[in-house]
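1. below are the sequence and a predicted model for it; my questions follow.
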Amino acid sequence: MIDSKVPKGPLSEKWKNYKDHQKLVNPANKRRLDVIVVGTGLAGASAAATLSELGFNVYNFCIQDSPRRAHSIAAQGGINAAKNYQNDGDSVYRLFYDTIKGGDYRAREANVYRLAEVSNAIIDQCVAQGVPFAREYGGLLDNRSFGGAQVSRTFYARGQTGQQLLLGAYSALSRQIGLGKVKIFTRHEMLDVVTIEGRARGIIARNLVTGKLERFSAHAVVIATGGYVNTFFLSTNAMGSNGSAAWQCYKKGALFANPCYVQIHPTCIPVHGEFQSKLTLMSESLRNDGRIWVPKKLEDAKAIRGGRLKPTDIKEEDRDYYLERRYPAFGNLVPRDVASRAAKERCDAGYGVGNTGLAVYLDFAEAINRLGLKVVEARYGNLFQMYEKIVDENPYETPMMIFPALHYSMGGLWVDYELMTSVPGLFAIGEVNFSDHGANRLGASALMQGLADGYFVLPYTIQNYLADQIQVPRFSTDAPEFSEAEARIKERIERLMNINGKRSVDSIHKELGLIMWDQVGMGRTEAGLKSAVEKLKTLKEEFWRNVRIPGGADRLNTELEKALRLADFLEIGELMARDALNRGESCGGHFREEHQTAEGEALRHDGDFSYVSCWRYTGEDKEPEHMREELDYEYIVRQQRNYKN
Amino acid sequence: MDKDINIKLKVWRQRGPKERGHFESYSLKGISQGSSFLEMLDVLNEQLVSEGKEPITFDHDCREGICGMCSLYINGHPHGPDTEITTCQLHMRKFEDGAEITVEPWRSAGFPVIRDLMVDRYAYDKIIQAGGFVSVNTGGVPDANAIPIPKRDAEEAMDAAACIGCGACAAACKNGSAMLFVSAKVSQLSLLPQGKVEAARRAQAMIAKMDELGFGNCTNTRACEAECPKGVSISHIARLNREFIKANLAD
């Protein structure tokens, strides 16, 4: 039986009641307790800083050369909060409702309500840190709107909101490092979590510069290592983003929840060719003013693909603004999953543009007419510049081309209301957990969740666990559990280094990506998923038989780093396919072609699938055990999502 | 129109911090001009791996110009021959067919080479740890709209805050100075009422740390500004100097 530990009482009082009655740790005892935080993104950095401010000893790890470079830095558009500064009818309840609905009624009500509740404090905190949010002439904060909402509740710092919020958290973290209260380990990659008597008590990390395996012990371990969509090889995630830390937790008994829920973002720069190494996102905020279209006539689309016509040659009446046509109430601001599928539908039908036919237009001509060039430049200048540098076209003069790409994983480590995984003492925060976004995340909600978890939720809930640990002395890293974990990693690394096959890590990763994109991507079928599971098994065998890693393991070796991550991606991909097979319905980012309405919209089956799908590891190459956390909606009535009227 | 080009590369190879480095030459054929500079290096690395050789080590991560990880000195310029971009945003259309391209790591006393093109920039983190923050704890802060901030100040603070900490400024500077980096943070926080409170202490602490770590001083050559991928202006150095002098006079 899976216990989510959601507190009793009315929705709006659960978090308050929890805080009123949870156990706390007194200041003298905090000094005696150590916490490991893996990751320095929004969730990791904010948690590490806040726990340190409270008085705990914190050990913080990142794979980059500086904590400031975690991938949260790349988030562009903004962060939601229920401030209602615009007086347009926003409230905590409405933010909660929009997030539940946006997630296609597959998130846990109590968690999402708490997220909406603490959202306002995040904005206050960031402003106090000196985050330069956009402002009105009167000196007050500005807002913009984002997909899936009918109010303007998104705070932003140009097109670099993630950067500014992360630098805020990084500054708070740096202050604690400077004070000597957080010990930071950069260029360190966690390769295993160590459990002693069933509780998480430490990690093994590889020093990426020296190649040495190092042991770290603590009273609790917090995982904040982000998502796993690089399974697809091409995604908007950074090159180093990976699912390995989460996967090691899974293998130590932590449940993995909803792995099939991944987000395909509608506005990315299309693939240019076979050398492509990653995809670049164009912020969803562009959909505030940009209009998405393809030609109405097939012959126009063909002529554009052949280079005989330019988009600006297509007359207004020959353009199909398909989102405005299909979803009049939300228009270009429908949620991401809806916008992505609609683009795929048009391209599959032959209306796609660009030389590959895998692109649609995002057009600013109307916005420039309405607002003037200056205003458009002030709002989106840095994004337009980024686009021009990559594509070599000026989006002020010709429409941008965009296409959906993998962006975010809603699924992840299962956590209870306290953000603890099913392994006692092992917590998961930010994108790496599954908790708040259901089957689809709304824009500007990832930053909100990362910072909510790190600043305002975990620092409370972890104390409820640590309060029982004050008598527990520090652990020696000489304990047999540490030695065993290290020996297993050593063995795995040696095995990899000794394969000496013929294929590079990337060539296998690209093959994995193609299988995932074709069969576990935007349109999934039972036959496709079954075939994907088989193909992934074969590819995993190929990897372990034929990969080639030059150099040695006892020093810096980027090919070895990639190989260790790919070994896990191959298994994550398989679990995603299994989960997608299990879920015989369409919801949010998970679209099973067998389950759609007559108009091609996602068709949920609430009677059968209102659960969190949880997977338990049972051993190498064994079928994982499937478990359910039933989602009982006490406050919201599930409906078919409607963005039409 | 993008086409496929052939290029020659001269790349700095160095096995470790203490070892002697040297240039090695490589030829690449059929590189699409639509690919990025780092994708071109990926192709070269694939080629090296297929020959059983160790690939070239270089830092990179987001590949969209925001994380500040990539750090190549290309044909004598940090981030290569284009303006206001990082190395990962540099595209091969900036090079002609037959081009010879020299690739080096950041060359600066503050950034020792770890391997090949990868350097250690932790010194920048240490400077931030010395004072690049507002001393507030989580919680107990006023409402975000309690203090209005003139739009112009917020915008200028944002201009400075755009710094990605890549190190191009120090790498470009003949004095190996980190002044543009330090001034960006000092300027951002002293422009905002939240950061003004400890502006003096911040300027002094960050400059002291910068000196201690062996970075040089500023002689206004503006090389940093010219190479900064985010267009951070040296007017922030002027503000840093003002804050620093004010602080010293007050002592």
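-> Received it, and whenever you're ready, just let me know what you need. Numbering: from 1, shown residues only, chains lettered A, B, ... in the order given.
2. tell me, how many residues neighbour whichever residue of the stretch 51-200 of chain B sits closest to chain A?
-> Per CB to the nearest CB, residue B:148 is where the stretch 51-200 of chain B lies closest to chain A, at 2.8 Å. Every residue, glycine included, has its C-beta placed from N, CA and C. Neighbourhood size, residue B:148 [other CB atoms under 10 Å in any protein chain shown]: 14.
3. quick one: residues contacting it.
-> A:138, A:139, A:140 (CB atoms under 8 Å, 6 or more residues apart in numbering or on different chains).
4. nearest residue to the first one other than its sequence neighbours?
-> The shortest distance from residue A:138 to any non-neighbouring residue, by CB to CB, 6 or more residues apart in numbering or on different chains, is to residue B:148 (6.4 Å).
5. just the element for the one you found, please.
-> Under the criterion DSSP states H and E, no helix or strand holds residue B:148.
6. so what does it have for phi and psi?
-> Backbone torsions for residue B:148, taken as degrees, to the nearest 10, come to phi -70, psi 140.
7. tell me how far it lies from residue A:123.
-> Relative to residue A:123, residue B:148 is positioned 15 Å away (CB to CB, to the nearest Å).
8. one more: residue A:131?
-> For residue A:131, the distance to residue A:123 (CB to CB) stands at 9 Å.
9. higher neighbour count, these two?
-> residue A:131 (29 against 24).
10. so who does the more buried one touch?
-> Applying CB under 8 Å, 6+ apart, we find residue A:131 in contact with A:157, A:164, A:165, A:167, A:168, B:161.
11. please apply the same query to residue A:182.
-> With contacts defined as CB under 8 Å, 6+ apart, the neighbours of residue A:182 are A:48, A:49, A:52, A:58, A:59, A:60, A:173, A:176.
12. list just the nearest of these to residue B:177.
-> residue A:173 (25.7 Å; CB to CB).
13. what's the closest one in contact with, if anything?
-> A:40, A:45, A:46, A:48, A:49, A:52, A:60, A:67, A:182, A:184.
14. and with 6 Å instead?
-> A:45, A:48, A:49 (CB atoms under 6 Å, 6 or more residues apart in numbering or on different chains).
15. for it, give its distance to residue A:126.
-> Plainly put, residue A:173 is 14 Å away from residue A:126 if you go by CB to CB.
16. could you do residue A:201 as well?
-> Taking CB to CB, one finds residue A:201 at 34 Å from residue A:126.
17. go on, residue A:308?
-> In this view, residue A:308 and residue A:126 are 50 Å apart by CB to CB.
18. excluding its backbone neighbours, what's nearest residue B:149?
-> Excluding its sequence neighbours, the residue lying closest to residue B:149 (CB to CB, 6+ apart) is residue A:139, at 5.2 Å.
19. ok, residue A:344 next?
-> residue A:522 (5.2 Å).
20. now do the same for that neighbour: helix, strand or coil?
-> Put simply, residue A:522 is coil when judged by DSSP: H, G, I helix; E, B strand; the rest coil.
21. so it sits against residue A:342, correct?
-> No: counting by CB atoms under 6 Å, residue A:522 does not reach residue A:342; the two are 10.7 Å apart.
22. just the buried ones out of the contacts of residue A:173, please.
-> A:45, A:48, A:49 (16 or more other CB atoms under 10 Å in any protein chain shown).
23. what is the neighbour count of the closest residue to residue A:129 other than its chain neighbours?
-> Sequence neighbours aside, residue A:168 is the residue nearest to residue A:129 in space, at 4.2 Å (criterion: CB to CB, 6+ apart). Counted with other CB under 10 Å, the neighbours of residue A:168 add up to 28.
24. and residue A:597, by the same measure?
-> Residue A:597 is flanked by 10 other residues according to other CB under 10 Å.
25. thinking it is in contact with residue A:603, fair?
-> Yes: between residue A:597 and residue A:603 there is a contact under CB under 6 Å: 5.2 Å.
26. how about the most centrally placed residue in chain B, secondary structure?
-> The residue lying closest to the centre of chain B (CA atoms, centre = their mean) is residue B:166, at 2.2 Å. Here residue B:166 is recorded as coil under three-state DSSP.
27. phi, psi for it please.
-> Dihedral angles (degrees, to the nearest 10) for residue B:166: phi -80, psi -30.
28. per-residue pLDDT, it?
-> At residue B:166, the pLDDT value in this model is 98.
29. cool, and residue A:475?
-> 88.
30. so how far is residue A:218 from it?
-> 8 Å.
31. and residue 4, how many neighbours?
-> Looking at chain A here, since you left the chain open. The number of residues near residue A:4, taken as other CB under 10 Å, comes to 18.
32. wait, chain B
-> When neighbours are counted by other CB under 10 Å, residue B:4 registers 14.
33. name the nearest residue to it, sequence neighbours excluded.
-> Nearest residue to residue B:4 in three dimensions, chain neighbours excluded: residue B:30, at 4.7 Å (CB to CB, 6+ apart).
34. and what about the residue located most distally from the centre of chain A, helix, strand or coil?
-> Distance from the centre of chain A peaks at residue A:308, with 39.8 Å (CA atoms, centre = their mean). Of the three states, residue A:308 takes coil under three-state DSSP.
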